[in-house]
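J.: Prediction below, plus the sequence it came from.
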Amino acid sequence: MQKITNHCDIFCNVIDNYGDIGVCWRLARQLAHEHGLAVRLWVDDLGSFARLCPEVDVALEVQHCRGVEVRRWGHDFPAVQPAELVIEAFACKLPQNYIEAMAAQQHPPVWINLEYLSAEEWVESHHKLPSPHPRLPLTKYFFFPGFTPKTGGLLLERDLLARRDAFQGDAARQQAFWRSIGMEMPGAETLKISLFAYENAALGGLFDAWSESDRPVLCLVPEGRILPQAGQYFGDAAPCAGKVYSRGSLHVRVLPFVEQERYDELLWACDVNVVRGEDSCVRAQWAGRPFIWQIYPQHDAVHWDKLQAFLNRYSAPLGLPASAALQGLWQAWNQESGVGQAWPAFIGVRGEIERHAQHWARQLAENNLALNLLDFSREIGRMRAIKIEGQ
Ligand code: TRH
């Protein structure tokens, strides 16, 4: 009989930025906390990890953080007993001795390659495809997150939407959040915007539009790649957390990079969120507020198809003016030009986009990635058991 999965190894190779470890850390916690698995998270860059989870000690080979065993994934990989469920994140290459150890098990692990998120149609037909190892008795399966029931769904903690609603419906909780970032809660007339972005030549145009707005705009910028440009707009060559700037109706406040769990509160507290990459984009969707997505740019330009696929899917239920306004602003932000011109139309349809955003989050919540992944690994286990019994 195939053993019931209770150990899981997740392998994370940090390529760039925070998305790889952001997704792996979220998945690791969810499998441990909500499904009772013993999770070992192998990470090759503890420095990036520590930005999301400050209690990570970058000097340690082995440590326990919030119920997850965190292991440095260094050059010489130790001889360890492989887990029953092995998740290779984003096609990172597993250590050869670990692969050999998997193959040597009486019941080889369920080996899953967790892929990047995309709204493109081909994802459905590639989800769960097997890839037999050319030499060893092992099969790797491709697991695709996505937006339709035929994909692996999205990462969502069991209580996230309830916590979001509790936060958004409680002025005292919101006030506590605003005080934690060093300010009083802004009045209802202020448009609150979080800004998490890669370098973007269109930032000046967006700031111009906000500074000319007929209502106050507060922009919160966690420290990161866009910050030098934000500082430059205000003539500051050394912007850093704690600084505040003003021009016209626009007030900008630089925040420290907050730990991952608190980033959700920032998204919930704002009226509009500017996000990037993969994980913050998903979190903005759970926030149920209008957002602007900057896709991770790729050299071969394949990101344009990916952007358009999501835009089409996301804006499909909107009326034509709202859909055009949303598409116009996202395209301008990603093309890095014309953002100031696209902003007024977007903000003019904010109410409709917000209603849509709430509905969208409720719908997507029905397709939970961690649950799907565990169901799939059990399904493979059952299939193998049937095959063995039939021999
Ligand atoms: O950091 P990213 O640009 O990561 C990217 C993408 O994931 C992309 O798909 C991938 O190919 C590339 O890396 C290599 O954006 P992302 O995915 O939003 O990840 C950011 C993480 O940082 C996310 O988990 C949220 C978290 N975060 C915080 O914890 N605190 C903060 O203050 C902020 C701004 C973000």
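T.: Perfect, thanks for sending it. Numbers count the residues shown, from 1 in each chain.
J.: Only C-alpha atoms from now on, for both contacts and neighbour counts.
T.: Fine.
J.: so where's this structure shaky on pLDDT?
T.: Where the chain drops to pLDDT under 70, the residues are 1-5.
J.: That one against the ligand: which residues are in contact?
T.: Within the chain, the positions lying close to the ligand (CA under 6 Å from any ligand atom) are 15-20, 22, 52, 196, 222, 257-260, 263, 276-281, 296.
J.: PyMOL command for the buried members of these?
T.: Under the burial definition 16 or more other CA atoms under 10 Å, those of those that qualify are selected in PyMOL by:
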select buried, resi 18+19+20+22+52+196+222+257+258+260+263+276+277+278+279+280+281+296
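J.: and the residue in the stretch 51-200 of the chain positioned nearest to the ligand, backbone torsions?
T.: Per CA to the nearest ligand atom, Leu52 is where the stretch 51-200 of the chain lies closest to the ligand, at 4.4 Å. For Leu52, the backbone dihedrals (degrees, to the nearest 10) come out as phi -80, psi -30.
J.: cool, Ile292 as well?
T.: phi -120, psi 130.
J.: and the closest residue to Arg350 other than its chain neighbours, what does it touch?
T.: For Arg350, ignoring the flanking residues on the chain, the nearest one in space by CA to CA, 6 or more residues apart in numbering is Pro290 at 6.9 Å. Residues in contact with Pro290 (CA atoms under 8 Å, 6 or more residues apart in numbering) are Asp271, Val272, Asn273, Ala284, Arg350, Ile353, Glu354, Ala357.
J.: Relative to Val274, how far out is Pro290?
T.: Noted for Pro290: a distance of 9 Å to Val274, by CA to CA, to the nearest Å.
J.: Show me the longest helix that occurs in this structure.
T.: The helix of greatest length in the chain, counted in residues with DSSP state H as the criterion, is given as helix 369-390.
J.: For that one, C-alpha coordinates in CSV please.
T.: Extracted as CSV, the C-alpha positions of helix 369-390 are listed here (Å, rounded to 0.1, in the frame of the first residue of the first chain):
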residue,chain,number,x,y,z
LEU,A,369,-4.3,25.2,-4.6
ALA,A,370,-3.0,23.4,-1.4
LEU,A,371,-6.2,21.3,-1.2
ASN,A,372,-5.9,20.4,-4.9
LEU,A,373,-2.3,19.5,-4.6
LEU,A,374,-2.9,17.2,-1.7
ASP,A,375,-5.9,15.6,-3.5
PHE,A,376,-3.7,15.1,-6.6
SER,A,377,-0.9,13.5,-4.6
ARG,A,378,-3.4,11.1,-3.0
GLU,A,379,-4.8,10.3,-6.4
ILE,A,380,-1.4,9.4,-7.7
GLY,A,381,-0.8,7.3,-4.5
ARG,A,382,-4.1,5.4,-5.1
MET,A,383,-3.3,4.8,-8.8
ARG,A,384,0.1,3.4,-7.9
ALA,A,385,-1.4,1.1,-5.2
ILE,A,386,-4.0,-0.2,-7.8
LYS,A,387,-1.2,-0.9,-10.2
ILE,A,388,0.9,-2.7,-7.6
GLU,A,389,-2.1,-4.9,-6.5
GLY,A,390,-2.8,-5.7,-10.2
